[in-house]
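In: Next comes the sequence, and after it the predicted model I'd like to discuss.
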Amino acid sequence: MNRSLGNLVALVVTCATPELYAQVGPPVTPGFPNIPQTPGTLLSGLNAPQQGRTAIIAYHNGVLFTVPEIPSSAPNSDFFVRTWDLADPTNPVETANLGITPMPVNAHGYFKSGDYLVLGSNWPPEAPWSFLAAGPGAVTRTEFPELLCVGVRGCLFQPFFVGDTWWSYSDITGTATFSRDGVEFANWDHLGLTGVVGHPFLLGDLLIFASDQSRTGVATYDISDPANPVLLDVLTTGGAGGYWPELWGGDGKLYVVFPYRTGGNGFRVVDATDPTDLRFVTDRPLPGDESMYIQFQDEFAFMGGHKVDMRTFESVLFLDGANATRTNDGGVGINTSQFLLPLGNLLVTGGVGDHQGMAVWAHQAAPDTRGPSVGYHIPQAGRTNYPLNLPVSLLIHETLETPTIVNGTTFILRPLGGDPVPGQLTFSFDDVLTFAPDQPLLADTTYEVVLPAGGIKDAAGNGIEGYSFSFSTGGSVGGNQAPEVQSFTVSHYPAAPGQQLTFTAAGSDPESLPLEYRFDFGDGSASTAWSSAPTALHAYASTGHFQATVQVRDPAGSLATAAAQVTVLTPPAGTRPTHSSGIVRANRRIWSVNPDNDTLTAVHADTLVKEVEVPVCDDPRSVAVAASGELWVACRDDDRIAVLDVAGGPVTEIPLAYGSAPAGLTFTPDGDTAFLALEGKGELRRFDGSSRQQTGSLPLGPGPKALAISADGGTVWVTRFLSPKDHAEIWEVDAAAMTLRRTLRIPKLGGDANRDSTAGGRGVANYLAGIALSADGTSAWVASAKVNSERGLFFAQDLDQDNTVRNMISRLDLASGAWIESIDLDNSDSAVAVEFSPLGDYLFVVLQGNDEVLVLDALALDAATGLGSFVTRLGTGAAPQGLVVDPVTGRTFVKNFMGRSVTALETDDLFRFGLRSPASQETAAVAAERLSPQILTGKRIFYGASDPRMSGEGYLSCATCHVDGGHDGRVWDFTGRGEGFRNTTTLRGRSGTGHGNVHWTANFDEIQDF
């Protein structure tokens, strides 16, 4: 598939045809008033609550249809399909009762084709379920010619059909199929190949399966060869899935949008613009009714009583139906969880339960005068080698009057300069316009698609914005050449809230034609008007990462689009907090410990050249920098602190008692005082940085591990590595008095918000290996595993790969000491360290088992839920265990334990420009490996969770429960394996099976079976 990807998208739009600007197509007489309104006002409702669960709402030729779903309807509902006259939205008039609902498209959809609305089959003959436009405001009940099907979602792309529509309400069996007019092209085991249980979407030669509420992800296929679908990507991260997923396209993006179905949880979004590299974008909560369905109008999504701007994912209007006073009976409460249909500046909603039925609201103040526009299409502009026998698909996010969609007049596909191609047009309820040519396209031919301005119209009578593009079935595209955007820049990085910024675009045109520019600032404000000025001014009111875009067009209508990230925040002032780590920066060097090889390595932060590797001690674990520049190293197996000078030369050592097992070591921000966690002794020690004398000691409890210190040096937080059964602990210590102030707790996670699924689960935080404070010092973030040791056949369901040990980070409020939230890091293993970017706007999590660093948008954490602030995952060397960010170069340096290396990630490109896949370079840290090749290979296997031979989705490695060969302090229910309850035993000193069969029952003859 030859698709244009990345931040710069060229749209080759060949619009020099006169019909692009002519007013063409049938007129529209709106069936509702298009007048000023007050957004959020309930105009009428409930209307016909007796009809049942109002799961479908349609509008055709000025007539409103409400179509109930029988399941979940209130008792004594009549289940009748009704039509309505909306001439007075405050008093809709029921005009017809059409009989018991046919529940088309899995009871949740329909399609239109020209003059026809199709709500069901052509049966029975005396009352078929298609409706033909018959003059303004009138329809005639009739049959739809050559109806293929209307029962499931795969019927929406007629004459093409995609099966199956898998939904977790029924058996999840069978194969995927792709056909046209009943002739099957392909049949394959989609479920076995991807595991994605969900709904099909056909866009040109792209096939998408998007998960239902099973939250099993998204799968994409290239069907350029219809007989041989090629899997492009599968994304399961973040639990992508929802009750009734939909597609949205705009600003060069293609999103899959998933409504949760649980009240307050909102929606998730996956970016499918590059179908070979699916990306989880956001997870946003929405108060009020559950979001079950989504309809779109331009850049706005309507779901669960909310109007959401898809550019920012923010709700711009909340109807609050639960507290609305009904106009029909004066009672309180209108359910808005079902179908929401925008009609001009009105919104018609459907409900379920005690407050089921139809209601009419206002969602926009001004009358709707904005015409529809093309949001996305396949083939993309400029595509070459497009298949001959597949559809042309467009996303047009509006409630369209499809009698105005006329092939050859308002929709034209033709060879360049030739006659329109005959074919069938189908517009589905979810905004997909499918054109299927009657005959295969011509080989090696350039085609143009033309949508003349004003031809296709929406329900309010607004004509479409003229649009045209070209593609080819051969190796090159003729016609007008698109302009180019050489650069698109923003005047300030970072920008302060309220600061006026200058946006500058540099464009050129191959034909040297004059250009116009239009800017969108990505914060929900209106786009600028087209202008010849290549600059624009704008100020952002709030903090965040915003994607601004510029469109450039020539007089023929050819378009090019570019995007730029804008970072808006107030930079953190004053001293930053510190925390323990195995990698630090000092004097333009990056110092990293090498535990297996007993050395310390320095890599130059600018040249990325390894400058020195020095022997230091037995099993160095963490390193810290004193105010003098000295390097202090915690030596776990030597029970001492090694002190080195700025060049890495030995200075002295600070001996510790036998069995101390020093772990986390760090200095106060001023570098004067060091704190050290003694994992073996259960103590926190304090040392003077100048005299190197111990100045304090505090017994804490079992297994103190990682440290963080406040910016003023007055407070130390210490993680307890192995947690008690039902919660995790972080000790808060007064640094001056060396007394325990309080113990902060991360509770055991359960309930519906943490139900066991493929994307989340119950459990207790364990292996608290890393802690860092936010840049403003108000919160602490803790990296840990999440162990679900209360799962198993003795309790309920058996353990599986998704619900044994998961991964998470947790946030604690440092003022109150309260736990705020935990974020499940789906499809990952062994979160061991956390770190913030220099501006505090990105949060990094080191994933030891996956050889990756996960990046979250710290500015979006409060607005998002789950992995909704997810940005990217960046590859590292094997078994990364710590990172540090260099504020000079913007690079992020990662210590790779089993990779014996340091990875430099060029994250300045992420910080400044939003680049999700920055370049990287790995520098060897160890010159002489001390382990034998066999042991080194085995140890790498031990720590690696991403190898499918170890774990199907990257959740589990040997180190997940036996880090450093130890144990996790848990008792597991292995009833499903025939073993009953088993505690995790340490592997240390066992010599594998050198002492015979392992475990207390002595029935495991392989160490990996323990």
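Out: Cool, the structure landed.

In: Any regions of the protein where pLDDT drops low?
Out: Of all residues in the chain, those with pLDDT under 70 make up the ranges 1-23, 168-170, 263-264, 556-557, 1008-1010.

In: can you map out the helices along it?
Out: 104-107, 190-194, 908-913, 933-943, 958-962 (DSSP state H).

In: among those helices, which is nearest Ala663?
Out: Among the helices of the chain, the nearest to Ala663 by C-beta to C-beta is helix 958-962 (16.3 Å). Every C-beta, even on glycine, is put in place using the N, C-alpha and C of the backbone.

In: hang on, the earlier thing: export the helices of the chain to TSV and tack on mean neighbour count?
Out: As requested, the helices of the chain are exported to TSV (neighbours: other C-beta atoms under 10 Å):
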stretch	mean neighbour count
helix 104-107	22
helix 190-194	18
helix 908-913	19
helix 933-943	15
helix 958-962	22
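
In: how about the ones you listed in JSON lines, adding distance to Pro615?
Out: What follows is the helices of the chain, written out as JSON lines (distance: least, C-beta to C-beta, whole Å):
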{"stretch": "helix 104-107", "distance to Pro615": "67"}
{"stretch": "helix 190-194", "distance to Pro615": "50"}
{"stretch": "helix 908-913", "distance to Pro615": "34"}
{"stretch": "helix 933-943", "distance to Pro615": "19"}
{"stretch": "helix 958-962", "distance to Pro615": "26"}
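
In: closest to Glu465 out of the ones you listed?
Out: The nearest among these, by C-beta to C-beta, is helix 104-107 at 28.7 Å.

In: Quick one: list the elements packing against that closest one.
Out: Judged by 3 or more C-beta pairs under 8 Å, 6 or more residues apart in numbering; DSSP states H and E, helix 104-107 is in contact with strand 53-60.

In: and the end-to-end length of stretch 87-95?
Out: 12 Å (C-alpha to C-alpha, to the nearest Å).

In: One more: stretch 92-108?
Out: Stretch 92-108: ends 23 Å apart by C-alpha to C-alpha.

In: And that stretch, how far out from the chain middle?
Out: 35 Å (C-alpha atoms, centre = their mean, to the nearest Å).

In: Could I get the buried residue list for it?
Out: The neighbour-count check on stretch 92-108 (16 or more other C-beta atoms under 10 Å) flags 92, 94, 98, 101-108 as buried.

In: Stretch 747-758 now?
Out: 748-749, 754, 756-758.

In: now Ala138: how far from Ala765?
Out: 64 Å (C-beta to C-beta, to the nearest Å).

In: if you count what's nearby, which of these two comes out ahead?
Out: Under the neighbour definition other C-beta atoms under 10 Å, Ala138 and Ala765 were set side by side, and Ala765 has more, 28 against 13.

In: Put together a markdown table for the buried residues of stretch 92-108, with distance to Arg891 on each row.
Out: Shown next, in a markdown table, are these (distance: C-beta to C-beta, whole Å):
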| residue | distance to Arg891 |
| --- | --- |
| Pro92 | 62 |
| Glu94 | 67 |
| Leu98 | 66 |
| Thr101 | 61 |
| Pro102 | 61 |
| Met103 | 57 |
| Pro104 | 56 |
| Val105 | 51 |
| Asn106 | 50 |
| Ala107 | 54 |
| His108 | 49 |
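
In: just these now: which is nearest Gly463?
Out: Pro92 (26.6 Å).

In: from what I can see the closest one touches Arg82, true?
Out: No: using C-beta atoms under 8 Å, Pro92 is not in contact with Arg82, being 9.7 Å away.

In: Hmm, Thr177 and Glu184 touching each other?
Out: Yes: in this structure Glu184 lies within contact range of Thr177 using C-beta under 8 Å: 5.9 Å.

In: And the two? Which one has more around it.
Out: A count of neighbours by other C-beta under 10 Å puts Thr177 above the other of Glu184 and Thr177, at 17 against 13.

In: my guess is that one meets Phe160, correct?
Out: No: with contact defined as C-beta under 8 Å, Thr177 does not reach Phe160; the gap is 10.9 Å.

In: List the residues that contact the residue nearest to His727 when sequence neighbours are not counted.
Out: Closest residue to His727 apart from its sequence neighbours, by C-beta to C-beta, 6 or more residues apart in numbering: Arg745 at 4.8 Å. For Arg745, the contacting residues are 727-730, 819, by C-beta atoms under 8 Å, 6 or more residues apart in numbering.

In: Kindly report the same for Val853.
Out: Val853 touches 844-847, 873-874, 876, 880, 883, 892, 894, 905, counting by C-beta under 8 Å, 6+ apart.

In: Then Trp1000?
Out: With C-beta under 8 Å, 6+ apart, Trp1000 has these contacts: Thr985.

In: Can you pull the phi/psi pair for it?
Out: phi -70, psi -20 (degrees, to the nearest 10).

In: now Asp438
Out: phi -70, psi -30.

In: what about it, how many residues close to it?
Out: Residues near Asp438, counting by other C-beta under 10 Å, number 9.

In: what's the nearest residue to it if we skip its chain neighbours?
Out: Asp438 sits nearest to Pro422 (C-beta to C-beta, 6+ apart), 4.6 Å away.

In: Arg284 now?
Out: Gly266 (4.6 Å).

In: Assess the claim that that neighbour and Gly304 are in contact.
Out: Yes: checked against C-beta under 8 Å, the pair Gly266 and Gly304 is within contact range at 7.4 Å.

In: Neighbour count: those two, which is higher?
Out: Gly304 (32 against 29).

In: can you tell me which residues contact that one?
Out: 259, 263, 266, 286, 288-292, 336-337.

In: and those as JSON lines, adding distance to Pro200?
Out: Shown next, in JSON lines, are the contacts of Gly304 (distance: C-beta to C-beta, whole Å):
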{"residue": "Pro259", "distance to Pro200": "18"}
{"residue": "Gly263", "distance to Pro200": "28"}
{"residue": "Gly266", "distance to Pro200": "24"}
{"residue": "Leu286", "distance to Pro200": "26"}
{"residue": "Gly288", "distance to Pro200": "30"}
{"residue": "Asp289", "distance to Pro200": "27"}
{"residue": "Glu290", "distance to Pro200": "24"}
{"residue": "Ser291", "distance to Pro200": "21"}
{"residue": "Met292", "distance to Pro200": "19"}
{"residue": "Thr336", "distance to Pro200": "27"}
{"residue": "Ser337", "distance to Pro200": "24"}
